[in-house]
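Trainee: Based on what follows, work out the 3D shape:
(4 chains)
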Protein chains: 4
Amino acid sequence: MLEQLKKEVFQANLDLPKQGLVKYTWGNVSAIDRKSGLFVIKPSGVDYETMRENDMVVVDLDGNIVEGKLNPSSDTDTHAVLYRYYTEIGGIAHTHSTWATIWAQAGLDVPAMGTTHADTFYGSVPCARFLTEEEIDRGYETETGNVIIETFEERDLDILAVPGILLHGHGPFTWGKDAKSAVMNSVVLDEVAKTNLFARGLNHFAEELPQRILDKHYLRKHGENAYYGQE
Amino acid sequence: MLEQLKKEVFQANLDLPKQGLVKYTWGNVSAIDRKSGLFVIKPSGVDYETMRENDMVVVDLDGNIVEGKLNPSSDTDTHAVLYRYYTEIGGIAHTHSTWATIWAQAGLDVPAMGTTHADTFYGSVPCARFLTEEEIDRGYETETGNVIIETFEERDLDILAVPGILLHGHGPFTWGKDAKSAVMNSVVLDEVAKTNLFARGLNHFAEELPQRILDKHYLRKHGENAYYGQE
Amino acid sequence: MLEQLKKEVFQANLDLPKQGLVKYTWGNVSAIDRKSGLFVIKPSGVDYETMRENDMVVVDLDGNIVEGKLNPSSDTDTHAVLYRYYTEIGGIAHTHSTWATIWAQAGLDVPAMGTTHADTFYGSVPCARFLTEEEIDRGYETETGNVIIETFEERDLDILAVPGILLHGHGPFTWGKDAKSAVMNSVVLDEVAKTNLFARGLNHFAEELPQRILDKHYLRKHGENAYYGQE
Amino acid sequence: MLEQLKKEVFQANLDLPKQGLVKYTWGNVSAIDRKSGLFVIKPSGVDYETMRENDMVVVDLDGNIVEGKLNPSSDTDTHAVLYRYYTEIGGIAHTHSTWATIWAQAGLDVPAMGTTHADTFYGSVPCARFLTEEEIDRGYETETGNVIIETFEERDLDILAVPGILLHGHGPFTWGKDAKSAVMNSVVLDEVAKTNLFARGLNHFAEELPQRILDKHYLRKHGENAYYGQE
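Mentor: Residues are numbered from 1 along each chain as shown, chains lettered A, B, ... in the order given. Got it, this is the predicted structure:
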């Protein structure tokens, strides 16, 4: 069942430690098959070194296990909320990667200060608010998804143009057209979180990238007239 | 004698350089067999690259060698004090890991600023005071153990809910149900020491995690109703 | 066609991830054959892990493809401008390496604060200005090359004595007698960007290297009476 | 000729990149045979990846080549000065390792702020002054050795109790009883340079280690009654 998707999700999960984004089991990646409305996600708390392709769990959009012997990631409900609301996304990644987590703990948006940022994120990556006591009691993981949506709605952001968010005091969620690009966006976010932190420390007056440079870099890779790469 | 425990302690010691927590011989891990009251610990000053499973030393709770041709870690008496006082712990790790050591040298408790912290430590990780001249003369390693106990008693902390401490000017000790989890707690402590340092540097007003988030994350992994992982 | 040069450019491109200067496809190296006036450059957006020697693209000094099935790097026109203007350079490298990018985002020149710097760069590495709206519209990559030339002209710098520059908000370009030395200069620039940042942070009054030390180190490696190495 | 010493020096040189202390050819290690008064040193500017045991150069205490087809390290005269003056040292290492170099560029002594430091260095590691114009003209490498001696004499330091120094604007020299321990002392110096920098940044009031802890740690490893390790 969904063997190709399991393979992709498995490989994308292995990319997390390979790219230095997770230690132990602190991360998870999923991808959805829009035809069946089912998504594949990493099992909860399973070691990356012993995990096999076959351990991937298939769940429906309510988070119910459809296939798999293991419990899915404890963050499964957050993934489900995002897949339900944003039909244009195909893969989601969550990590506690060091530098993105630092901005999440600082409770700050990551501003677009360089072209590495502009190549992937069309503007600041927002930091979502803490959940309230009521929201935690109602369902921590589901409400985490809802707060992500709330943040994008309030700021009127395009979910594909800004494919990531920080959860205050927690860490990043990123997404993309598939599992692989979701992970790639996590790598970019962690890297720009690092360069921005030190650039501001080096020059407290360092400013955001001028709009014209942001436009140029984002659009040469993502716009209609994109000319980066082989397509 | 205690062959399975030796294997576990040996592997846990090898995890220290693998996880980037030690250089050369700057660390040691032990684990106890509560039935016999004996514990297994790394030999002193032996290179991780040439160390064999059989080099592990078996000692009793007074720190006397019961089996083994090599001297046990020079920190053996600190381990013995902790095993005697806290019958609920099964493994102990000591390192000079970079970021935890930085907080130890700064003489500061590591506050709970993120969920990576809350997943493992239920509140701040304390920094113990320096030993006095008298304590050093009486027995440096034994008194180091006593100062750890003093710190947990004075602050009324649960040894399992906060499985680690910093020694001022020195570095971390962590513990757990076995050798492996003691090392894992060292990895977490080093990582949160790093993220907290830079989060505070990035935003001097960055606050500790709200109590409700700390509770949620700690309890979804450790409470009676824990639902993280496969158990 | 230019098989030896393709080999060198391919190897130099692989050195970028090996030296920790790039993630994914965020970098490119080229080298020129002055006899034919053609240069070899990395294809655009191709993964370092699957890229083969044969994927290298041969282009002329106007940036037109002469041989190769893939699109050349999107930065090809910047390379072309530099090769046309500076006939003494044989290889060019561009990366988003972490520490050089931090200075680029801070919009600051990298001062010569140590002998690691002086061994390669004879004075500060300049940071070029942002391009204007008009320049971006006229041709982003070509005008990026022109701004590099403008910076060196205005400051009256020797292109071989200072073999690198930062682009504000973007990252470094470096060059040298061939592809390999261009990459080596990227490694040096990233390292001194890191040490200078922390040296200034540690001692806000830390000064630039005295002129006599800068002279000594640069000239013992590069002057007429150089005595470093085996030549 | 001195085959065993060549082997040791070769291995110790390879340890430099392995321990992350050097990139390319930015470092050199030597060791002396006191009977013959000859020392073995890395050749100048030779790549660590292609270097062979047989490339090591044998020189006398005036820095003249006694055996070897390659030029010895350009820093050979500095090594010679130290071997001539300090008959108790057997090996010397020089690197541009990141964190020690940062302190060298900041022009500051590295204070003893933790037990990792105290286990190896009995007090602050000094930073030597810049050379004067006259000294550079007279002989840069020889005078570098003389300034190291001057620093230890003026401060009345024991060369074995403080086995390392920083050269202002340059980087560290360390030494020991042989090539291996010289490299080990470089590793320690780089690590404490890192932890001290961030400890002071985290807590501007962080103090040096109390004398009683410095004594205890240094002496349990190096004093007459040392009890660390297997000897």
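
Trainee: which element follows the helix ranked longest in chain A toward the C-terminus?
Mentor: Taking DSSP state H as the assignment, the helix of chain A that covers the most residues is helix A:179-202. Moving toward the C-terminus from helix A:179-202, the next helix or strand (DSSP states H and E) is helix A:211-222.

Trainee: quick one: that following helix near chain C?
Mentor: Yes: using Cβ under 8 Å from any Cβ of the partner chain, helix A:211-222 reaches chain C at A:212-213, A:216, A:220. Backbone N, C-alpha and C define where each C-beta goes, glycine included.

Trainee: What parts of chain A come near chain C?
Mentor: Residues of chain A lying near chain C (Cβ under 8 Å from any Cβ): A:19, A:113-116, A:184, A:187, A:191, A:194-196, A:198-203, A:206-207, A:209-210, A:212-213, A:216, A:220, A:227-230.

Trainee: so what's the residue in chain A that chain D sits nearest to up against?
Mentor: Nearest to chain D, among the residues of chain A, is residue A:201, at 10.1 Å (Cβ to the nearest Cβ). With Cβ atoms under 8 Å, 6 or more residues apart in numbering or on different chains as the criterion, the residues that contact residue A:201 are B:201, C:197, C:201.

Trainee: Model confidence score at the last one, please.
Mentor: Looking back up the chat, that one is residue C:201. Per-residue confidence for residue C:201 comes out at a pLDDT of 95.

Trainee: do the same with the second one
Mentor: Turning to residue C:197, the model gives it a pLDDT of 98.

Trainee: tell me the mean pLDDT over stretch A:222-231?
Mentor: Per-residue confidence for stretch A:222-231 averages out to 78 on the pLDDT scale.

Trainee: check contacts around the spatially most central residue of chain A.
Mentor: Most central in chain A under Cα atoms, centre = their mean is residue A:174, positioned 1.2 Å from the mean C-alpha point. Residues counted as contacts of residue A:174 (Cβ under 8 Å, 6+ apart) are A:92-94, A:163-165, A:182-183, A:185-186, A:189.

Trainee: what does residue A:161 give?
Mentor: The contact partners of residue A:161, taken as Cβ under 8 Å, 6+ apart, are A:121-123, A:218, A:222.

Trainee: what do you get if the cut-off is 6 Å, keeping everything else the same?
Mentor: Each residue near residue A:161 by Cβ atoms under 6 Å, 6 or more residues apart in numbering or on different chains is listed here: residue A:122.

Trainee: Got phi/psi on the residue nearest to residue A:229 when sequence neighbours are not counted?
Mentor: For residue A:229, ignoring the flanking residues on the chain, the nearest one in space by Cβ to Cβ, 6 or more residues apart in numbering or on different chains is residue C:45 at 3.2 Å. Here is the backbone geometry of residue C:45 (degrees, to the nearest 10): phi 60, psi 20.

Trainee: what about residue C:45, how many residues close to it?
Mentor: Residue C:45 sits with 18 neighbouring residues when counted by other Cβ atoms under 10 Å in any protein chain shown.

Trainee: same question, residue A:186
Mentor: When neighbours are counted by other Cβ under 10 Å, residue A:186 registers 32.

Trainee: Surely it touches residue A:92?
Mentor: No: under the criterion of Cβ atoms under 6 Å, residue A:186 lies out of contact with residue A:92, with a separation of 10.0 Å.

Trainee: now the longest helix of chain A and helix C:179-202, what's the angle there?
Mentor: Comparing the axes of helix A:179-202 and helix C:179-202 via axes from the mean of the first three to the mean of the last three Cα atoms, to 10 degrees yields an angle of 50 degrees.
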